[in-house]
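Student: let's see this in three dimensions:
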Amino acid sequence: MRLQDKVAVVTGSSRGIGEAIARGYAKEGCHVVVTYVQQKEKAEKVTREIDADLCLQMDVRDREQIRSVYEQTKNRYGKLDILVNNAGINRTADFDQQTDGEWQEVLDVNLTGVFKCSQEVLPFISDFGRIINIGSLSGEYGGPRTPSYAAAKAAVMALTHNMARFLGPRNICVNCLSPGVIEGELTARTMSPQVREQALSLMLIKRFASYQEMVGGAIFLASDESSYMTGQTLSINGGAWVR
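Tutor: I've put the predicted structure just below:
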């Protein structure tokens with residue numbers, strides 16, 4: 001088991017990528033702290049199924065709540081080795097239709113939330129630990145119908161570099177995992193046929209991903225196998241070439 005006896009906090013782990021990562025980490029022997037904002041029942045279900053000890057509310061916009069999660073984790077396990085900054089939201093709109101409120105809401109969660117969670121974890125995370133920020137293909141190619149989300153995720157990649165420089169002396173590796181488009185209920189509901197076709201045209205593998213296909217990369221970035229990798233973005237996007 002590649003994460004045996006490690007301790008990880010995964011933000012937004014009641015569903016989606018966060019849930020898949022929490023389940024994957026648990027299978028690798030990791031103690032996972034499951035967190036949620038509103039979906040308590042779903043989070044508790046994940047917690048039971050992976051036999052985790054802690055299921056905690058964690059709004060990534062709230063420093064006191066963030067700090068409380070880390071304190072409870074440290075009290076329970078005596079350490080914290082891995083932080084996965086996964087929590088995120090999206091408000092789809094064409095550029096000229098994105099409202100100030102939508103813009104600010106997405107940046108508050110997807111970018112400022114990563115900043116706050118990472119800053120607050122510094123007194124708690126072990127040297128030689130791991131911070132993994134979840135980016136997005138949208139941040140690499142600019143949308144097309146997600147101006148706030150694309151901007152936030154592009155900024156997360158830049159923040160990853162900055163954090164890696166700052167935490168290098170502690171041998172804490174900071175990397176970004178950038179998923180492509182994932183097939184799911186949200187994609188089906190929000191992506192028009194035209195945008196779907198445009199997204200598929202970018203990819204060498206002509207389909208969208210599953211949540212499970214993000215887990216291997218997340219395990220790698222949390223494990224000792226990535227001990228000399230920091231400040232990088234690992235793109236798992238079906239071969240989309242956007243740079």
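Student: tell me the contacts of Leu56?
Tutor: Val33, Val34, Thr35, Tyr36, Ser68, Val69, Gln72 (C-beta atoms under 8 Å, 6 or more residues apart in numbering). C-beta here means a position set from N, CA and C on the backbone, and glycine is covered the same way.
Student: from the residues you listed, keep the buried residues only.
Tutor: Val33, Val34, Thr35, Tyr36, Val69 (16 or more other C-beta atoms under 10 Å).
Student: hmm, back to that, inside strands: which ones of the contacts of Leu56?
Tutor: Per DSSP state E, strands hold the following members of the contacts of Leu56: Val33, Val34, Thr35, Tyr36.
Student: those: which two are farthest apart?
Tutor: Greatest spatial distance among the ones in strands among the contacts of Leu56 (C-beta to C-beta): Val33 and Tyr36, at 10.9 Å.
Student: so where do the helices sit in this protein?
Tutor: Remark: helices assigned in the chain by DSSP state H are 16-27, 40-49, 63-77, 100-107, 113-121, 137-141, 147-167, 185-190, 193-201, 215-222.
Student: any idea how many residues pack against the closest residue to Asp5 other than its chain neighbours?
Tutor: Nearest-residue entry for Asp5: Gly29, 6.4 Å, with adjacent residues in sequence omitted and distances by C-beta to C-beta, 6 or more residues apart in numbering. By the criterion of other C-beta atoms under 10 Å, Gly29 has 12 neighbours.
Student: so who does Gly29 touch?
Tutor: Met1, Arg2, Leu3, Gln4, Asp5, Lys6.
Student: do the same with Val10
Tutor: Gly18, Ile21, Ala22, Tyr25, Val32, Val33, Val34, Thr35, Val84, Asn86.
Student: one more: Gly139?
Tutor: Tyr149, Ala150, Ala151, Ala152, Lys153, Ala154, Ala155, Val156, Met157, Ser178.
Student: the same query, at a cut-off of 6 Å, please.
Tutor: Ala150, Lys153, Ala154 (C-beta atoms under 6 Å, 6 or more residues apart in numbering).
Student: mind putting these in CSV, pLDDT included?
Tutor: Output for the contacts of Gly139, formatted as CSV (pLDDT from 0 to 100):
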residue, pLDDT
Ala150, 96
Lys153, 97
Ala154, 97
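Student: quick one: low-confidence parts of this protein?
Tutor: Along the chain, the parts satisfying pLDDT under 70 run over 242-243.
Student: in it, which residue is closest to the centre?
Tutor: Using C-alpha atoms, centre = their mean, the residue of the chain that lies closest to the mean C-alpha position is Asn86, 2.2 Å off.
Student: chain center to stretch 20-38, what's the gap?
Tutor: Put simply, stretch 20-38 sits 12 Å off its chain's centre (C-alpha atoms, centre = their mean, to the nearest Å).
Student: tell me which residues in it are buried?
Tutor: 20-26, 28, 30-37.
Student: please apply the same query to stretch 127-141.
Tutor: So for stretch 127-141, counting by 16+ other C-beta under 10 Å, buried means 129-141.
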